[in-house]
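J.: Build the 3D model from these lines:
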Amino acid sequence: MSQYEFLSLLIGIAGVLVAGIAASIYYIQLRKMASSILIAQQQLKSMAQSVEQAARANSLTVLTLEEATRRSREKLADISTKVESYKDVELAKKAINEAIENYLNSLDRLCACIRRGHVPEDEYRKDYRDVIKQTIKNYKSYFGPGTSFTNILKLNEKWSEE
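T.: Modelled structure (predicted):
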(Lines give C-alpha, C1' and ligand atoms only; values in the text may rest on other atoms or scores of the structure.)
Protein backbone atom coordinates (compact mmCIF):
# COMPACT_ATOMS: atom_id res chain seq x y z
CA MET A 1 0.00 0.00 0.00
CA SER A 2 1.42 3.31 -1.00
CA GLN A 3 1.76 6.28 1.25
CA TYR A 4 -1.05 8.13 -0.59
CA GLU A 5 -3.42 5.19 -0.27
CA PHE A 6 -2.64 4.96 3.43
CA LEU A 7 -3.31 8.69 3.91
CA SER A 8 -6.52 8.41 1.90
CA LEU A 9 -7.58 5.51 4.11
CA LEU A 10 -6.79 7.53 7.27
CA ILE A 11 -8.71 10.52 5.95
CA GLY A 12 -11.66 8.27 5.12
CA ILE A 13 -11.59 6.70 8.60
CA ALA A 14 -11.37 10.17 10.18
CA GLY A 15 -14.33 11.26 8.04
CA VAL A 16 -16.36 8.25 9.15
CA LEU A 17 -15.46 8.94 12.82
CA VAL A 18 -16.42 12.62 12.48
CA ALA A 19 -19.66 11.63 10.77
CA GLY A 20 -20.35 9.13 13.58
CA ILE A 21 -19.70 11.77 16.24
CA ALA A 22 -21.91 14.25 14.37
CA ALA A 23 -24.66 11.64 14.10
CA SER A 24 -24.38 10.94 17.84
CA ILE A 25 -24.64 14.65 18.64
CA TYR A 26 -27.57 14.98 16.25
CA TYR A 27 -29.28 11.99 17.93
CA ILE A 28 -28.75 13.52 21.39
CA GLN A 29 -30.20 16.82 20.14
CA LEU A 30 -33.23 15.02 18.70
CA ARG A 31 -33.80 13.29 22.06
CA LYS A 32 -33.60 16.64 23.85
CA MET A 33 -36.06 18.15 21.38
CA ALA A 34 -38.45 15.23 21.87
CA SER A 35 -38.35 15.63 25.64
CA SER A 36 -38.86 19.41 25.23
CA ILE A 37 -41.90 18.72 23.08
CA LEU A 38 -43.34 16.40 25.75
CA ILE A 39 -42.76 19.05 28.42
CA ALA A 40 -44.39 21.69 26.21
CA GLN A 41 -47.41 19.41 25.64
CA GLN A 42 -47.77 18.89 29.40
CA GLN A 43 -47.55 22.64 29.99
CA LEU A 44 -50.17 23.33 27.32
CA LYS A 45 -52.47 20.73 28.85
CA SER A 46 -51.99 22.33 32.26
CA MET A 47 -52.69 25.78 30.82
CA ALA A 48 -55.87 24.51 29.15
CA GLN A 49 -57.03 23.09 32.48
CA SER A 50 -56.26 26.41 34.18
CA VAL A 51 -58.27 28.30 31.57
CA GLU A 52 -61.16 25.86 32.06
CA GLN A 53 -61.03 26.35 35.83
CA ALA A 54 -60.90 30.12 35.41
CA ALA A 55 -63.93 29.99 33.12
CA ARG A 56 -65.84 27.91 35.69
CA ALA A 57 -64.80 30.31 38.47
CA ASN A 58 -65.88 33.22 36.30
CA SER A 59 -69.29 31.65 35.80
CA LEU A 60 -69.58 31.11 39.55
CA THR A 61 -68.67 34.76 40.14
CA VAL A 62 -71.41 35.89 37.78
CA LEU A 63 -73.90 33.56 39.44
CA THR A 64 -72.85 35.00 42.79
CA LEU A 65 -73.42 38.50 41.42
CA GLU A 66 -76.83 37.47 40.15
CA GLU A 67 -77.67 36.10 43.58
CA ALA A 68 -76.42 39.29 45.27
CA THR A 69 -78.55 41.35 42.88
CA ARG A 70 -81.59 39.23 43.64
CA ARG A 71 -81.03 39.48 47.41
CA SER A 72 -80.51 43.26 47.20
CA ARG A 73 -83.72 43.60 45.23
CA GLU A 74 -85.63 41.48 47.76
CA LYS A 75 -84.19 43.51 50.64
CA LEU A 76 -85.22 46.72 48.88
CA ALA A 77 -88.76 45.41 48.45
CA ASP A 78 -88.82 44.26 52.07
CA ILE A 79 -87.62 47.62 53.40
CA SER A 80 -90.02 49.49 51.14
CA THR A 81 -92.98 47.60 52.65
CA LYS A 82 -91.72 48.15 56.20
CA VAL A 83 -91.22 51.93 55.89
CA GLU A 84 -94.40 52.61 57.83
CA SER A 85 -92.96 50.80 60.85
CA TYR A 86 -90.05 53.26 61.10
CA LYS A 87 -90.74 55.93 63.69
CA ASP A 88 -87.89 58.12 62.49
CA VAL A 89 -88.48 59.39 58.93
CA GLU A 90 -84.78 60.11 58.37
CA LEU A 91 -83.89 56.59 59.45
CA ALA A 92 -86.46 55.19 57.02
CA LYS A 93 -85.07 57.30 54.16
CA LYS A 94 -81.55 56.19 54.99
CA ALA A 95 -82.55 52.51 55.02
CA ILE A 96 -84.34 52.82 51.68
CA ASN A 97 -81.45 54.71 50.06
CA GLU A 98 -78.97 52.15 51.32
CA ALA A 99 -81.08 49.28 49.98
CA ILE A 100 -81.47 51.03 46.60
CA GLU A 101 -77.73 51.69 46.33
CA ASN A 102 -76.88 48.09 47.26
CA TYR A 103 -79.27 46.84 44.60
CA LEU A 104 -77.92 49.24 41.98
CA ASN A 105 -74.30 48.36 42.84
CA SER A 106 -75.05 44.66 42.44
CA LEU A 107 -76.87 45.22 39.16
CA ASP A 108 -74.04 47.46 37.91
CA ARG A 109 -71.43 44.75 38.65
CA LEU A 110 -73.58 42.20 36.84
CA CYS A 111 -73.91 44.57 33.86
CA ALA A 112 -70.12 45.00 33.84
CA CYS A 113 -69.70 41.23 33.61
CA ILE A 114 -72.17 41.08 30.75
CA ARG A 115 -70.45 43.95 28.91
CA ARG A 116 -67.01 42.36 29.32
CA GLY A 117 -68.23 39.09 27.84
CA HIS A 118 -67.86 36.99 31.00
CA VAL A 119 -71.26 35.48 30.25
CA PRO A 120 -73.24 34.90 27.05
CA GLU A 121 -74.82 38.29 26.37
CA ASP A 122 -77.75 36.96 24.32
CA GLU A 123 -78.88 34.76 27.19
CA TYR A 124 -78.62 37.54 29.76
CA ARG A 125 -80.31 40.06 27.45
CA LYS A 126 -83.47 37.94 27.58
CA ASP A 127 -83.42 37.86 31.38
CA TYR A 128 -82.29 41.40 32.21
CA ARG A 129 -83.30 43.76 29.41
CA ASP A 130 -86.64 44.68 30.97
CA VAL A 131 -85.23 44.61 34.51
CA ILE A 132 -82.60 47.19 33.55
CA LYS A 133 -85.12 49.43 31.76
CA GLN A 134 -87.50 49.27 34.69
CA THR A 135 -84.72 49.94 37.19
CA ILE A 136 -83.60 53.07 35.34
CA LYS A 137 -87.21 54.23 35.10
CA ASN A 138 -87.95 53.56 38.80
CA TYR A 139 -84.75 55.16 40.14
CA LYS A 140 -84.20 58.08 37.73
CA SER A 141 -82.59 60.25 40.40
CA TYR A 142 -79.72 57.76 40.73
CA PHE A 143 -78.87 57.94 37.02
CA GLY A 144 -78.17 61.64 36.57
CA PRO A 145 -74.91 63.21 35.41
CA GLY A 146 -71.92 61.78 37.27
CA THR A 147 -73.71 58.58 38.19
CA SER A 148 -71.54 55.69 39.32
CA PHE A 149 -73.86 53.17 37.67
CA THR A 150 -72.45 53.60 34.17
CA ASN A 151 -72.47 49.90 33.30
CA ILE A 152 -76.24 49.78 33.74
CA LEU A 153 -76.69 52.82 31.50
CA LYS A 154 -74.28 51.62 28.82
CA LEU A 155 -75.82 48.16 28.65
CA ASN A 156 -79.31 49.64 28.52
CA GLU A 157 -78.24 51.96 25.71
CA LYS A 158 -76.67 49.11 23.76
CA TRP A 159 -79.68 46.84 24.18
CA SER A 160 -82.11 49.66 23.33
CA GLU A 161 -80.34 50.18 20.00
CA GLU A 162 -80.62 46.52 19.02
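J.: Next secondary structure after the helix or strand of the chain with the lowest mean pLDDT?
T.: Within the chain, no helix or strand scores below helix 3-82, which has a mean of 78 by mean pLDDT, DSSP states H and E. With elements assigned by DSSP states H and E, the helix or strand that comes after helix 3-82 is helix 89-115.
J.: for that following helix, what is the average pLDDT?
T.: Averaging pLDDT along helix 89-115 yields 85.
J.: Report all helices and strands that that helix contacts.
T.: If contacts are counted by 3 or more CB pairs under 8 Å, 6 or more residues apart in numbering; DSSP states H and E, helix 89-115 sits against helix 3-82, helix 121-138, helix 150-161. Every C-beta, even on glycine, is put in place using the N, C-alpha and C of the backbone.
J.: That one: which residues count as buried?
T.: Going by neighbour count (16 or more other CB atoms under 10 Å), the buried part of helix 89-115 is 92, 95-96, 99-114.
J.: circling back to that earlier point, hey, which of the helices and strands packed on helix 89-115 is tucked in deepest?
T.: The highest mean neighbour count among the helices and strands packed on helix 89-115, using mean count of other CB atoms under 10 Å, belongs to helix 150-161: a mean of 16.
J.: For it, name the packing helices and strands.
T.: Helices and strands touching helix 150-161, by 3+ CB pairs under 8 Å, 6+ apart, are helix 89-115, helix 121-138.
J.: just the angle between it and helix 89-115, please?
T.: Here helix 150-161 runs at an angle of 60 degrees relative to helix 89-115 (axes from the mean of the first three to the mean of the last three CA atoms, to 10 degrees).
J.: where's helix 150-161 relative to the chain centroid, distance-wise?
T.: Here helix 150-161 is found 21 Å from its chain centre; the criterion is CA atoms, centre = their mean, to the nearest Å.
J.: what's in contact with that helix?
T.: Outside helix 150-161, the residues within contact range by CB atoms under 8 Å, 6 or more residues apart in numbering are 104, 107-109, 111-112, 114-115, 125, 129, 132-133, 135-136, 143, 147.
J.: between these, which is nearest Leu7?
T.: Among the contacts of helix 150-161, Arg115 lies closest to Leu7 (CB to CB), at 80.9 Å.
J.: Tell me who's in contact with that closest one.
T.: Going by CB under 8 Å, 6+ apart, Arg115 touches Asn151, Lys154, Leu155, Lys158.
J.: Output those as a markdown table; include the columns distance to Ile21.
T.: Below are those laid out as a markdown table (distance: CB to CB, whole Å):
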| residue | distance to Ile21 |
| --- | --- |
| Asn151 | 67 |
| Lys154 | 68 |
| Leu155 | 68 |
| Lys158 | 68 |
